[in-house]
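J.: let me see the structure of the following:
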Amino acid sequence: MSTGDLDVDEPMEHDLAASAADALESIDAAPLEERAARFDALAERLRRELERSDPARAAG
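T.: Below is the predicted model:
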């Protein structure tokens, strides 16, 4: 995951980026058979956050 589009000077975006990085680290440490479900959960969480922070993207 790239955080290139995130403005890490913005506290909420920094928290989101840090949270995603922590989640990816946790997923990498998980047993192989658990990783797909965890990646799916992370993707869903990030999608919800994007929709919450930018409602125009959710509509289109």
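J.: identify the spatial nearest neighbour of residue 26, chain neighbours not counted.
T.: What sits nearest to residue 26 in space, not counting adjacent residues and going by Cβ to Cβ, 6 or more residues apart in numbering, is residue 38, at 7.4 Å. Any C-beta I mention is one placed from the backbone N, CA and C, and that applies to glycine too.
J.: what strand or helix carries the one you found?
T.: Element membership of residue 38, judged by DSSP states H and E, is helix 32-53.
J.: so for that helix, what gets flagged as buried?
T.: residue 42 (16 or more other Cβ atoms under 10 Å).
J.: quick one: mean pLDDT for it?
T.: Helix 32-53 carries an average pLDDT of 94.
J.: which strands or helices does it pack on?
T.: helix 11-29, helix 55-59 (3 or more Cβ pairs under 8 Å, 6 or more residues apart in numbering; DSSP states H and E).
J.: please work out which of those is packed deepest.
T.: Mean neighbour count (mean count of other Cβ atoms under 10 Å) peaks for helix 11-29 among the helices and strands packed on helix 32-53, with a mean of 13.
J.: so residue 46 is in contact with residue 23, correct?
T.: No - applying Cβ atoms under 8 Å as the test, residue 46 and residue 23 come out as separate, 9.0 Å apart.
J.: on that earlier part again, worst average pLDDT in the helices and strands packed on helix 32-53?
T.: Of all the helices and strands packed on helix 32-53, helix 55-59 has the smallest average pLDDT, which comes to a mean of 66.
J.: put the alpha carbons of stretch 31-49 into PDB.
T.: Output in PDB follows, covering the C-alpha atoms of stretch 31-49 (Å, rounded to 0.1, in the frame of the first residue of the first chain):
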ATOM      1  CA  PRO A  31      -0.400 -17.500   9.100                       C
ATOM      2  CA  LEU A  32      -0.800 -17.800   5.400                       C
ATOM      3  CA  GLU A  33      -4.300 -19.200   5.600                       C
ATOM      4  CA  GLU A  34      -5.500 -16.200   7.500                       C
ATOM      5  CA  ARG A  35      -4.000 -13.500   5.300                       C
ATOM      6  CA  ALA A  36      -6.700 -13.300   2.500                       C
ATOM      7  CA  ALA A  37      -9.500 -12.600   5.000                       C
ATOM      8  CA  ARG A  38      -7.400 -10.000   6.800                       C
ATOM      9  CA  PHE A  39      -6.500  -8.200   3.600                       C
ATOM     10  CA  ASP A  40     -10.200  -8.200   2.700                       C
ATOM     11  CA  ALA A  41     -11.200  -6.800   6.100                       C
ATOM     12  CA  LEU A  42      -8.500  -4.100   5.800                       C
ATOM     13  CA  ALA A  43      -9.600  -3.200   2.200                       C
ATOM     14  CA  GLU A  44     -13.200  -2.900   3.500                       C
ATOM     15  CA  ARG A  45     -12.200  -0.700   6.400                       C
ATOM     16  CA  LEU A  46     -10.200   1.600   4.100                       C
ATOM     17  CA  ARG A  47     -13.100   1.800   1.600                       C
ATOM     18  CA  ARG A  48     -15.500   2.800   4.400                       C
ATOM     19  CA  GLU A  49     -13.000   5.500   5.600                       C
END
